[in-house]
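K.L.:
Fold the following and give me the result.
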Amino acid sequence: MRKLKNILVTGGAGFIGCNFIHYLFGLSNSGTDLFEDAGFDGRVINVDCLTYAGNLESLKDVEEKFGVSSCGENARYFFEKVDICDRAQIERIFKQYDIDTVIHFAAESHVDRSILGPEAFMKTNVMGTFTLLDVARNYWGISLDNQRDDVLFHHISTDEVYGSLGETGYFLETTSYDPRSPYSSSKASSDHIVMAYYHTYGLPITLSNCTNNYGPFQFPEKLLPLMISNIKDGKNLPVYGKGDNIRDWIYVEDHNRGVWQIVKNSPAGEKWNLGGENEWQNIRLLNEVIDLASKELGKDAEEVRKTITYVKDRPGHDKRYAIDCTKAKTRLGWERKMTFEQGLLATIRWYLSHGEWIANIQSGAYKDWISKNYTEQGR
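P.N.:
Below is the predicted model of the structure:
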């Protein structure tokens, strides 16, 4: 088991990253401070440049309990508003906090946005990852002649790098890459660069590819929060094509628990698939959401169903994703704990009870909150 001390979490103000930070500090369903539980005297340094999807309001409770403003010199959580492509700032952060572990969530991740504007995806996902890898290699003094086992770079990727499945079969860690969108191709590129730094320089890396995450704090343009909000507000429910595309869904805390087990226990150079073993056709999932959300809201589900609107399919829309996570289950002892029925209902209730959080994003007020509370290069 690795001894972790100063953990750099990139993209910690985004959906999966902020849930990971909550998970580490025991502010999620687990309720366990994982640093204390594992005997780690750890600090988390959250680096995020706060693009449209970065929302520090999602981490107010972490800041209040573990941040500098509350704990002073004994703080265990720090935020740095920095672009991961800014090498000088990344070098400063490595030196200032003596980083020994990188958990790299930061990415542009919305497929539709990548089709409309691919450049940002290439910049952040490819060049940003390269910058982090190269700074880590230099700061840690890694070379084939100087190997270390007390540092780690963990890279979070997606199942979309594998391309599209037919009606049968699953993605394995050994499945060839076949990305179909600017987003997935940028993530595939970053995966290859990560593995190249392991093979060329001996940089201690691990890599995980995960399926669709769901849960609290997800940006409202994504499928589940969008549909839940639209059901609440009586708006149309847009569905691509015939709605017959299939995705595998995993609760975000189950994913993050897998990441943590990899970071603690995986040998360097290993690649891991993390999946929910929980496939849903998009239209079938939407109907399930309609049933559950309508019941919570006291609405007629059949009337809500009339608001489903089929729209032109997305270019290059992959038919089916499904992950085989046998390796993680057998070698790490990891498995998902949240059933989809429990997780989906908990997610619906979270969004329905956090209308102000959603409204602040939709109105842009969350950006005003950030500008009032944070300076350009940190708190």
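K.L.:
For the stretch 251-379 of the chain, give me the ranges with low pLDDT.
P.N.:
By pLDDT under 70, the weakly predicted segments of the stretch 251-379 of the chain are 364-379.
K.L.:
from memory residue 332 sits against residue 263, does it?
P.N.:
No. Using Cβ atoms under 8 Å, residue 332 is not in contact with residue 263, being 10.7 Å away. The C-beta positions use only the backbone N, C-alpha and C, and glycine is treated the same way.
K.L.:
May I ask you to confirm that residue 118 is in contact with residue 182?
P.N.:
Yes. Applying Cβ under 8 Å as the test, residue 118 and residue 182 come out as touching, 3.6 Å apart.
K.L.:
quick one: which of those two has more around it?
P.N.:
residue 182 (22 against 16; other Cβ atoms under 10 Å).
K.L.:
what's the more buried one in contact with, if anything?
P.N.:
114, 115, 118, 121, 122 (Cβ atoms under 8 Å, 6 or more residues apart in numbering).
K.L.:
go on, residue 278?
P.N.:
Applying Cβ under 8 Å, 6+ apart, the residues near residue 278 are 248, 249, 250, 336, 340.
K.L.:
Verify the assumption that the second one is located in a helix.
P.N.:
No. The secondary structure assignment for residue 249 gives strand rather than a helix, going by DSSP: H, G, I helix; E, B strand; the rest coil.
K.L.:
Just the buried residues from the contacts of residue 182, in PyMOL please.
P.N.:
In PyMOL syntax, the buried subset of these is picked out as below (16 or more other Cβ atoms under 10 Å):
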select buried, resi 114+118+121+122
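K.L.:
among the contacts of residue 182, which two are most distant?
P.N.:
Within those, 115 and 122 form the most distant pair, 13.1 Å apart (Cβ to Cβ).
K.L.:
what about stretch 52-68, how long is it end to end?
P.N.:
Start-to-end span of stretch 52-68 (Cα to Cα, to the nearest Å) is 25 Å.
K.L.:
so residue 246 sits right up against residue 283, yeah?
P.N.:
No. Look at residue 246 against residue 283 with Cβ under 8 Å: they stay out of range, at 10.2 Å.
K.L.:
Kindly indicate which of the contacts of residue 182 lies nearest residue 302.
P.N.:
residue 115 (34.0 Å).
K.L.:
give me phi/psi at the closest residue to residue 64 other than its chain neighbours?
P.N.:
Leaving aside its sequence neighbours, residue 64 sits nearest to residue 70 (Cβ to Cβ, 6 or more residues apart in numbering; 5.7 Å). Dihedral pair for residue 70: phi -100, psi -40, per degrees, to the nearest 10.
K.L.:
what do you get for residue 171?
P.N.:
phi -80, psi 130.
K.L.:
how many neighbours does it have?
P.N.:
Residue 171: 22 neighbours (other Cβ under 10 Å).
K.L.:
What distance do you get for residue 159 to residue 138?
P.N.:
Per Cβ to Cβ, to the nearest Å, residue 159 is found 32 Å from residue 138.
K.L.:
I misspoke; the intended subject was residue 321.
P.N.:
36 Å.
K.L.:
Could you do residue 14 as well?
P.N.:
Following Cβ to Cβ, the distance that separates residue 14 from residue 138 is 26 Å.
K.L.:
next one: residue 103
P.N.:
19 Å.
K.L.:
Between those two, point out the one with more neighbours.
P.N.:
residue 103 (28 against 13).
K.L.:
mind checking the backbone torsions on that one?
P.N.:
phi -120, psi 110.
K.L.:
just use 67 as the starting number from now, easier for me
P.N.:
Got it, first residue is 67 now, which makes that one residue 169.
K.L.:
what bridges to it?
P.N.:
residue 75, residue 220 (DSSP bridges).
K.L.:
who touches it in this structure?
P.N.:
73, 74, 75, 76, 86, 220, 222, 325, 329.
K.L.:
quick one: which of those is nearest residue 283?
P.N.:
Closest to residue 283, out of all of these and judged by Cβ to Cβ, is residue 86, at 10.7 Å.
K.L.:
In three-state terms, label the closest one for me.
P.N.:
helix.
K.L.:
That one is in contact with residue 322, isn't it?
P.N.:
Yes. Shown here, residue 86 and residue 322 form a contact pair, counting by Cβ under 8 Å, at 4.5 Å.
K.L.:
What segments of the stretch 267-416 of the chain are strands?
P.N.:
Assigned by DSSP state E, counting those that start in this stretch, the stretch 267-416 of the chain shows strands spanning 271-276, 278-280, 303-306, 312-317, 336-340, 345-347, 374-377.
K.L.:
what's the closest of the ones you listed to residue 392?
P.N.:
When the strands of the stretch 267-416 of the chain are compared (using Cβ to Cβ), the closest one is strand 336-340, at 8.4 Å.
K.L.:
and the closest one, how far out from the chain's middle?
P.N.:
Chain-centre distance of strand 336-340: 15 Å, with Cα atoms, centre = their mean, to the nearest Å.
K.L.:
Other residues contacting that strand?
P.N.:
Contact with strand 336-340 is made by 225, 237-239, 261, 272-277, 316, 321, 324-325, 328, 332, 389-391, 393-394, 398, 400, as judged by Cβ under 8 Å, 6+ apart.
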